[in-house]
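# A predicted structure for the sequence below; I have some questions about it.
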Amino acid sequence: MTFPSSTATDAAAESADTAGTAGSGSAVVGRSPGQLMWRRFRRDKTGVVSAIIVLAFFLIALLAPVIAALYGKDPYTTYGQNQPGLLNEFGYPIAPNGGMSGEFWFGLEPGLGRDVFMQLVYGIRTSLSIAVIVTVVSTIIGIVMGITSGYIGGKTDYVIGRVIDTLLAFPSQLFLIVFLPVVEAAFVLPEEETPVWLRYVSICVVLTVLGWATIARLLRAQVLSLRAREFVEAARVTGASPARVIFKELLPNLWTPIIIQATLALPLYVGAEAGLGFLGVGMTEPTPDWGRMFQVGANVYHSDVTYLLFPGVSMLIFVVAFNLLGDSIRDAFDPRTKR
Amino acid sequence: MTSYLVRRVAGALVILIIISAITFYLFYAVPRDPARAFCGKICQPETLALIRHNLGMDEPLFVQYWHWLVGIFAGREFVQFGSCPAPCLGYSFATQEPVFSAIVDRFPVTLSLTLGASVVILAFGILTGMIAAWKVGQPLDKIASSSSVIGASLQIYFVGPLLAFYLVDTMQLIPRPSYVPITENPLDWFTHLMLPWVVLSIIFTANYTRMTRSQMVEQLAEDYVRTARAKGMSSRTVFFRFAWRGAMIPIITIFGVDLATLLGGAIITEQTFSLHGIGELAVRAVQNTDLPMLLGVTIVGAAAIVLLNIVVDVLYAFIDPRVRLS
């Protein structure tokens, strides 16, 4: 990696660096920036705990089928309707606390009588997968647009800049729900039922289209300032191709803002996706969805408030842990920042 | 000042025309057109053609867009459907009413909600942020900072029903949220909107606490603060007379940016408490695929944000004497 400091120094630092990564026992052990970050991060207790919690959520999402097999239930079967004695005549769980028991850990969904624990596990799987896809794709688009805009400048910069400004100035929640039916209508005839995968894809598309501008604007500003620095100029004077300048000189210096932005964005996308589910324009039945659980919870809270607590508390834990993790990563990358 | 305003408004109009053109194109280029929806299940091609003609949908897209633009100033007549007086933003076939009047009906709800929430956000966020900065490093600061982390991570659709359950259903402390026009009964207007205001502002308040705190801490390290202290001014005076002014400038800027997000939050809050505002109108329009309504709501939402941003920029010049509008 070419950092401004290491371009100034010569091969000596370079070799010390490689020696350090190889782990050979020389007197002065050089450490790569990555290693330094890792060491700083490990010392931050809040960061480590948050990282474990966040990892646990991702594991739950990944291993949902395994959890289902061990638990012995699935998110689709309407247990409450199939077995008598679980739901009362109004469709609410008979047992106290939303029907929590040894058999149904988190109780039963009022009405359909599905297992809440399974709904939640698979719902987290749906929501997190959307959030991860959107974060990755919008970050990549943001990187491409930001670097293009900042590096090429001129008219390209002007056009991309205006697009970014426009996207950032508008109420994205409104655009989100407005453009979902449009994206779908472009593929499905009005008579047909929208397939599940199409809803999934259109949510990803709309969130990505409205999401890339933030990181693009940030990277554009970073590239503008980096472009004027000596090490980039030196590379250009020595005849480096634009591709080399971008990938070897600029990009290594942009990883920190990129990773910080991505960690900020992911919980926001989880919230936005859940918001769609809550508004009734997100993932459709019967696909389990974290956000739609809030919709059900908001409909039944007068009689059964327990149901709402599971998606709510789990999302609160996830978002708090992810935000704290983001803060710790920021500190690890850039020890100068004060909070 | 006047020329600045004229230029800003002209720029805003250009942006709005671009947005409406793109939205219009996206909406009317898709095969799910309102004529087909209106025609019903057994749809004769002739009937469909007639409906399309009456709606002016048999013309090229840009001509349709032109009619739509002209309709805003001149109004439109839809044969067999009804008239749509100026300013006509289109005619909703799902609800059988002009889009503009539907939006006007619901506007006071959304306005009351967002204005009230803005007051809560700014007052409470800045207050707690200043307390945290005043007691920096002390327990009170720690409490304010860590509760703001949790506050910022909360979701409206979780806190809303939860608070409604405990405060309204169980303890019956406050009335069930609804909209009472302020002209009818200001007290009822206030008490019935209290819960929605608090819920909508929770997430934002936490952010403003954090921002105010860090801004104040930064300001207190500035030279002018040191000078004032060296002159013998008490730290209380410096804090409450000088430093907070400097801290407010970035806060106002960020508030301008947040207005768009606040409107988005209002949509979810309206849905949470079944308030019949513009957000709820949009959600219902999505469920009915009511494209003319969605187009109208989008344009009005965009126009509101653009206008409010101009207002914020002008306010900015009043607060910070260094800013010259030009």
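All right, it came through fine.

# from here on, contacts and neighbour counts on C-alpha atoms
Fine.

# which ones are touching residue 281?
You didn't pick a chain, so chain A it is. A:177, A:180, B:283, B:286-287 (C-alpha atoms under 8 Å, 6 or more residues apart in numbering or on different chains).

# my question was about chain B
B:Leu281 touches B:Ile103, counting by C-alpha under 8 Å, 6+ apart.

# Give me the neighbour count for residue 103.
Just going to use chain A. When neighbours are defined as other C-alpha atoms under 10 Å in any protein chain shown, A:Glu103 has 12 of them.

# my question was about chain B
20.

# likewise A:Arg244?
Counted with other C-alpha under 10 Å, residues neighbouring A:Arg244 total 14.

# what does A:Ile67 give?
Using other C-alpha under 10 Å: A:Ile67 sits among 17 other residues.

# Do you know the pLDDT at it?
pLDDT for A:Ile67: 85.

# Please identify the helix or strand for the closest residue to it other than its chain neighbours.
Leaving aside its sequence neighbours, A:Ile67 sits nearest to A:Ile60 (C-alpha to C-alpha, 6 or more residues apart in numbering or on different chains; 7.7 Å). Using DSSP states H and E, A:Ile60 sits within helix A:45-62.

# on that earlier part again, any idea how far A:Tyr122 is from the residue nearest to A:Ile67?
As judged by C-alpha to C-alpha, to the nearest Å, A:Ile60 and A:Tyr122 stand 9 Å apart.

# higher neighbour count, those two?
Between A:Ile60 and A:Tyr122, counting by other C-alpha under 10 Å, A:Tyr122 is the more crowded of the two (26 against 18).

# Cross-check the contact I'm expecting between the more buried one and A:Ala61.
Yes - counting by C-alpha atoms under 8 Å, A:Tyr122 does reach A:Ala61; the two are 6.8 Å apart.

# Now the buried members of the contacts of A:Val281.
By neighbour count, with 16 or more other C-alpha atoms under 10 Å in any protein chain shown, the contacts of A:Val281 hold A:177, A:180, B:283, B:286 as buried.

# Need the three-state assignment for the closest residue in space to A:Pro242 that isn't next to it in sequence.
Using C-alpha to C-alpha, 6+ apart and skipping residues adjacent in sequence, the residue nearest A:Pro242 is A:Arg236, 7.9 Å away. When classified by DSSP: H, G, I helix; E, B strand; the rest coil, A:Arg236 comes out as helix.

# tell me the contacts of the residue nearest to the spatial centre of chain B?
In chain B, the residue lying closest to the centroid (C-alpha atoms, centre = their mean) is B:Leu263, at 2.4 Å. By C-alpha under 8 Å, 6+ apart, the residues touching B:Leu263 are A:171, A:173-174, B:114.

# Could you rerun that using 7 Å?
B:Leu263 is in contact with A:171, B:114, counting by C-alpha atoms under 7 Å, 6 or more residues apart in numbering or on different chains.

# now swap in A:Ala61 and tell me
A:Ala61 sits next to A:121-122, A:124-125 when contact means C-alpha under 7 Å, 6+ apart.

# Same list, these, but as a markdown table with secondary structure, pLDDT and distance to chain B please.
Formatted as a markdown table, the contacts of A:Ala61 follow (DSSP: H, G, I helix; E, B strand; the rest coil; pLDDT from 0 to 100; distance: C-alpha to the nearest C-alpha, whole Å):
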| residue | secondary structure | pLDDT | distance to chain B |
| --- | --- | --- | --- |
| A:Val121 | helix | 90 | 18 |
| A:Tyr122 | helix | 91 | 19 |
| A:Ile124 | helix | 91 | 15 |
| A:Arg125 | helix | 91 | 19 |
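
# Is it possible to mark the buried ones in those?
Using 16+ other C-alpha under 10 Å, the buried ones in these are A:121-122, A:124-125.

# Where does pLDDT dip in the stretch 1-150 of chain A?
A:1-27 (pLDDT under 70).

# still on that earlier bit, what are the buried residues along the helix holding A:Ile60?
A:46-48, A:50-51, A:53-54, A:57-58, A:60-62.

# closest to A:Ala228 among the residues you listed?
A:Gly47 (34.8 Å; C-alpha to C-alpha).

# before we move on, the earlier item: could the buried ones among the contacts of A:Val281 go into CSV alongside pLDDT and distance to B:Gly125?
Supplementary listing: those in CSV, determined by pLDDT from 0 to 100; distance: C-alpha to C-alpha, whole Å:
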residue, pLDDT, distance to B:Gly125
A:Ile177, 82, 29
A:Leu180, 80, 34
B:Val283, 86, 30
B:Val286, 81, 34
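
# residue boundaries of the helices in chain B?
Secondary structure of chain B (DSSP state H): helices at B:2-29, B:34-39, B:45-54, B:61-74, B:99-134, B:139-153, B:156-163, B:186-220, B:223-230, B:235-237, B:244-272, B:278-287, B:291-319.

# just the stretch 151-300 of chain A next, same as before
For the stretch 151-300 of chain A, helices defined by DSSP state H, counting those that start in this stretch occupy the ranges A:154-169, A:172-185, A:196-227, A:230-237, A:242-244, A:251-279, A:290-300.

# most tightly surrounded among those helices?
Stretch with highest mean neighbour count among the helices of the stretch 151-300 of chain A: helix A:290-300 (a mean of 24; mean count of other C-alpha atoms under 10 Å in any protein chain shown).

# what about it and chain B, any contact?
Yes - using C-alpha under 7 Å from any C-alpha of the partner chain, helix A:290-300 comes into contact with chain B via A:294, A:298.

# re earlier: how far away is the residue nearest to A:Pro242 from A:Leu250?
From A:Arg236 to A:Leu250 the distance is 12 Å (C-alpha to C-alpha).

# In the stretch 1-150 of chain A, which residue sits nearest chain B?
Nearest residue of the stretch 1-150 of chain A to chain B: A:Thr46, at 12.2 Å (C-alpha to the nearest C-alpha).

# quick one: contacts for that residue?
Taking C-alpha under 7 Å, 6+ apart as the definition, A:Thr46 has no contacts.

# Give me the buried positions along stretch A:95-110.
Quick answer for stretch A:95-110 (16+ other C-alpha under 10 Å): A:98-100, A:104, A:106-110.

# Many thanks, have a good one.
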